[in-house]
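Q: Quick one: sequence plus predicted model below, questions after.
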Amino acid sequence: MGERIIELRDIKKSYGQVYALGGVNLSVDRGEVVGLIGDNGAGKSTLIKILSGVVKPTSGEILVRGKPVSGWSAARSRDAGIETVFQDRALAVQQTIVRNIFMGRELTSWMGWLKVNKEIEEASRLMREIGFTSKVFTPHSIVGQLSGGERQGVAIARAIYKQAELIILDEPTTALSLTETAKVFHFVRQVRASGRSILFIGHNIHHVFDIADRFVVLDRGKVALTADRSQIKSAEDLINFMEDVAHPGGLPGLHEAGEAEQGAR
Amino acid sequence: MSKAMEPDLQSPLGRTSGQAGKEWSHPSDHWLRGFVIDNRAALGTLGVFIFMMAVFIIANPTVFTTWYLYSSVLTTLPVALFVVVPLVFVVTCDEIDLSFPATMGFASWVFALVVQAGYDPFLGIAAALVTGTLLGFLVGSLVVYGGLSSLIATLGMNFLLRGLIQIINEGRSMALTGLADSSAYKIFSSQLWGIPVQVFWAIAFVVFSALLYNRHRFGAQVRAVGDNPDSAKQMGIDVKRVKVKVFVFTGIGAAIAGTFSVMINFTWWPTAGDGYLLPVLASVFVGGTPTWGGIGTVVGGAIGAVTVSFIQTGVVAAGLSGFYVQFFNGLIIILSLLGHKWNQARYR
């Protein structure tokens, strides 16, 4: 097992009276793909925002490489090597791949003139690193001409620039076809092979099951399950478990749901 | 002239370097093909221009060999170029600036005041540039930080600033006869090899701005902001700052344009700059910069300005009456818009 990149201990987050997260423990080691699964409203997006430093937890501890961090912020998160690829991918689709990769952090020389060759070289290196090789596209290709999976690749390549160690992918395969999903998985495996870690968030259990080394199931602000790939035989096991968590006792009813909610507090 | 403005500005350098690695190269990725694809908007505009000139020449082959025809175009065209080019940046940023005619008038007014007070014209130019910068900053801040629609707010500012000029000057113009002997006039407004020297300054401005647009962080951020402001913000670009900067750039361009127009005529009128509003806007869009933001072409905008300024001269030279000018203006605008629509796709 590799070095522990980040660890969250007993993270709680409340918005007024409402608990979004009620004591979450989560860790990501070097070179592993952690699949974070949870229904809508389970607290996935709050957790991502806390990891990327956009939102501050109400209580709890954050450890980077084993050391507790105080004053967690977006800048601290970036310094710790955490990059988030948000669901909308934040791409400018009429610009080239190069311009998207270096958006907001253009490589410049004297007086802000672009180092065009250096940017192209770096972009090609990043794209090769994640296994985005194409006979059709060049770093000058307009992102709007790429398919959904390929666009995700551009976003991932952008995220691994600047020695990112943990890449958070927020629903990267939502609204993608099977072939496009396969492309994204290919990029994810390449990133893992390069020794980086990935937190893969999704609500399609099949997608997450195919790619993750470890699963974390989030339910109503709490971690309902943490399991290694070896402990789970099939995606169906995971689905059954999720259903059990969502509807304890087999049948969904107001009574049980109320109890579970109390439990969450 | 368009040849001189057409160097390999938009085609990325890396294509020739071959460092990109084997995987990236495509068998049909010939440099010429890449050049055509990268510059198709500008080349389309060039096509419109050549077509238009061909029609005029067929109508009257003799008149286009007379030099005076070109010289009259070359006196006014440079003035327009100094505002067309910054407007390409503004439109790329998904904004519009209709206040530049008043800024032209205002900045050149300051220039005229300084010169009339007996100071060196260079000081006047500096004062005009400062005025243009400040007015650009004012207009930009109003739009960006005031959260106003740039279409309406800049229209309002155009009336407001022009109104101020009118109130204070009460219609009086200023004659600056002393300019002709100054060294500033020799540098900026005399003739070189029979060509008005401001043409060379305008070409230099276009080349510099094209590099700024395609090869500078400012241009890259302007395109990113115009393309997707939310993404740009997420990637750490200060969207508001970039937007204010394009308005400041327009203010500076308008100040230069206004100063040139005064130096050419030796006179400042309270209406200075007014006539440029519609031709300049037409030039930007005839040039192939689309209205939706994110992309644009500086060289195309310059060729668009050449096209628009040749319409009037061309119509008269071809033996038609002046009543045809507006009709041809409209025809060229509509035809080039149709051409660009066919020529460039909008990606979402």
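A: Thanks, I have it. Numbering: from 1, shown residues only, chains lettered A, B, ... in the order given.

Q: contacts, neighbours, all on C-alpha from now
A: OK.

Q: what's the neighbour count on B:M53?
A: 19 (other C-alpha atoms under 10 Å in any protein chain shown).

Q: Where do the strands of the chain begin and end?
A: You didn't say which chain, so I picked chain A. A:4-15, A:18-29, A:33-38, A:59-64, A:67-68, A:82-85, A:166-170, A:197-202, A:214-219, A:222-228 (DSSP state E).

Q: could you do chain B instead?
A: Under DSSP E, chain B gives strands at B:174-175, B:191-192, B:195-196, B:267-268.

Q: so what strands line up beside the second one?
A: In other words, strand B:191-192. Strand B:191-192 has the following strand partners under DSSP bridges: strand B:195-196 (antiparallel).

Q: Pull the contacting residues for the residue nearest to B:N60 when sequence neighbours are not counted.
A: If you skip the residues right next to it in sequence, B:N60 has B:A318 as its closest partner in space, 5.0 Å away by C-alpha to C-alpha, 6 or more residues apart in numbering or on different chains. B:A318 makes contacts with B:F56, B:I57, B:A59, B:N60, B:V63, as judged by C-alpha atoms under 8 Å, 6 or more residues apart in numbering or on different chains.

Q: How about B:A175?
A: Here B:A175 is in contact with B:F266, B:T267, B:W268 (C-alpha under 8 Å, 6+ apart).

Q: Return the backbone torsion pair for the residue nearest to B:N60.
A: Backbone dihedrals for B:A318, given as degrees, to the nearest 10, come out at phi -70, psi 0.

Q: Count the neighbours of residue 102 for me.
A: Just going to use chain A. The number of residues near A:F102, taken as other C-alpha under 10 Å, comes to 18.

Q: my bad, chain B
A: 31.

Q: and it, what pLDDT?
A: Predicted confidence (pLDDT) for B:A102: 94.

Q: And A:H255, by the same measure?
A: On the pLDDT scale, A:H255 gets 42.

Q: again, but for B:W24
A: 51.

Q: could I get the contacts of B:A175 as a markdown table with neighbour count, pLDDT and distance to B:G47?
A: Shown next, in a markdown table, are the contacts of B:A175 (neighbours: other C-alpha atoms under 10 Å in any protein chain shown; pLDDT from 0 to 100; distance: C-alpha to C-alpha, whole Å):
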| residue | neighbour count | pLDDT | distance to B:G47 |
| --- | --- | --- | --- |
| B:F266 | 17 | 84 | 36 |
| B:T267 | 16 | 87 | 37 |
| B:W268 | 23 | 89 | 37 |
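
Q: okay, those residues in JSON lines with distance to chain A next?
A: Below are the contacts of B:A175 laid out as JSON lines (distance: C-alpha to the nearest C-alpha, whole Å):
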{"residue": "B:F266", "distance to chain A": "37"}
{"residue": "B:T267", "distance to chain A": "38"}
{"residue": "B:W268", "distance to chain A": "36"}
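
Q: contacting residues for the residue nearest to the spatial centre of chain B?
A: Taking C-alpha atoms, centre = their mean, the centroid of chain B lies closest to B:V84, which sits 1.4 Å from it. Contact analysis of B:V84 by C-alpha under 8 Å, 6+ apart lists B:V280, B:L281, B:S283, B:V284, B:G301, B:A302, B:A305.

Q: biggest separation within those, which pair?
A: Within the contacts of B:V84, two members stand farthest from each other by C-alpha to C-alpha: B:L281 and B:A302, at 11.7 Å.

Q: Neighbour count: these two, which is higher?
A: Neighbour totals were compared for B:L281 and B:A302, and B:A302 leads with 34 against 23 (other C-alpha under 10 Å).

Q: Quick one, grab the pLDDT at the more buried one.
A: Reported pLDDT for B:A302: 92.

Q: Run a quick neighbour tally on the nearest residue to B:H340 once chain neighbours are set aside.
A: Excluding the flanking residues, the one nearest B:H340 by C-alpha to C-alpha, 6+ apart is B:G288, at 6.1 Å. Around B:G288 there are 31 other residues, counting by other C-alpha under 10 Å.

Q: so what's B:G258 up against?
A: Per C-alpha under 8 Å, 6+ apart, neighbours of B:G258: B:V79, B:T103, B:M104, B:G105, B:A107, B:S108, B:A272, B:G273.

Q: closest to A:F187 among the contacts of B:V84?
A: B:G301 (40.4 Å).

Q: rewinding a little: thought the residue nearest to B:H340 was touching B:G300?
A: Yes. Here B:G288 lies in contact with B:G300, judged by C-alpha atoms under 8 Å, at a distance of 6.0 Å.

Q: what residues do those two have in common as contacts?
A: Joint contacts of B:G288 and B:G300 (C-alpha under 8 Å, 6+ apart) are B:A41, B:A42, B:T45.

Q: shouldn't B:H340 be in contact with B:A42?
A: No. Applying C-alpha under 8 Å, one finds B:H340 not in contact with B:A42, separated by 9.6 Å.

Q: Where does the stretch 51-200 of chain B get nearest to chain A, which residue?
A: B:T92 (11.3 Å; C-alpha to the nearest C-alpha).

Q: List, one by one, the residues from chain A near chain B.
A: Listed as neighbours of chain B in chain A under the rule C-alpha under 8 Å from any C-alpha of the partner chain: A:89-95, A:99, A:103-106, A:108, A:112-114, A:116-117, A:120-121, A:124, A:133-140, A:144-145.

Q: Can you flag the buried ones in the residues you listed?
A: Burial by neighbour count, judged by 16 or more other C-alpha atoms under 10 Å in any protein chain shown, picks out A:89-95, A:99, A:103-104, A:106, A:108, A:113-114, A:116-117, A:120-121, A:124, A:133, A:137-140, A:144 from the residues of chain A next to chain B.

Q: Serialize the strands of chain A to CSV and add fields for mean neighbour count and mean pLDDT.
A: Below are these laid out as CSV (neighbours: other C-alpha atoms under 10 Å in any protein chain shown; pLDDT from 0 to 100):
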stretch, mean neighbour count, mean pLDDT
strand A:4-15, 19, 86
strand A:18-29, 19, 85
strand A:33-38, 26, 87
strand A:59-64, 18, 87
strand A:67-68, 12, 86
strand A:82-85, 23, 86
strand A:166-170, 25, 88
strand A:197-202, 24, 87
strand A:214-219, 22, 86
strand A:222-228, 17, 80
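
Q: can you pull the contacts of the nearest residue to A:R76 once chain neighbours are set aside?
A: Setting aside the residues directly before and after it, A:R76 is nearest to A:G53 in space (C-alpha to C-alpha, 6+ apart), at 7.3 Å. Each residue near A:G53 by C-alpha under 8 Å, 6+ apart is listed here: A:W72, A:S73, A:A74, A:A75, A:R76, A:S77.

Q: show me where pLDDT drops low in the stretch 151-265 of chain A?
A: Residue ranges of the stretch 151-265 of chain A with pLDDT under 70: A:245-265.

Q: Could you list which of the contacts of B:V84 belong to helices?
A: With helices defined by DSSP state H, the entries of the contacts of B:V84 inside them are B:V280, B:L281, B:S283, B:V284, B:G301, B:A302, B:A305.

Q: still on that earlier bit, need the contact list for the residue of the stretch 51-200 of chain B closest to chain A.
A: Neighbouring residues of B:T92 by C-alpha under 8 Å, 6+ apart: B:V222, B:R223, B:G226, B:D227, B:T289, B:P290, B:T291, B:W292, B:G293, B:G294, B:I295, B:G296.

Q: and the residues you listed near chain A, which?
A: When contact is defined as C-alpha under 8 Å from any C-alpha, those meet chain A at B:R223, B:D227, B:G294, B:I295.

Q: For A:I205, state which of those residues is nearest.
A: Distances from A:I205 to the ones next to chain A among the contacts of B:T92, taken by C-alpha to C-alpha, are shortest for B:D227, at 34.1 Å.
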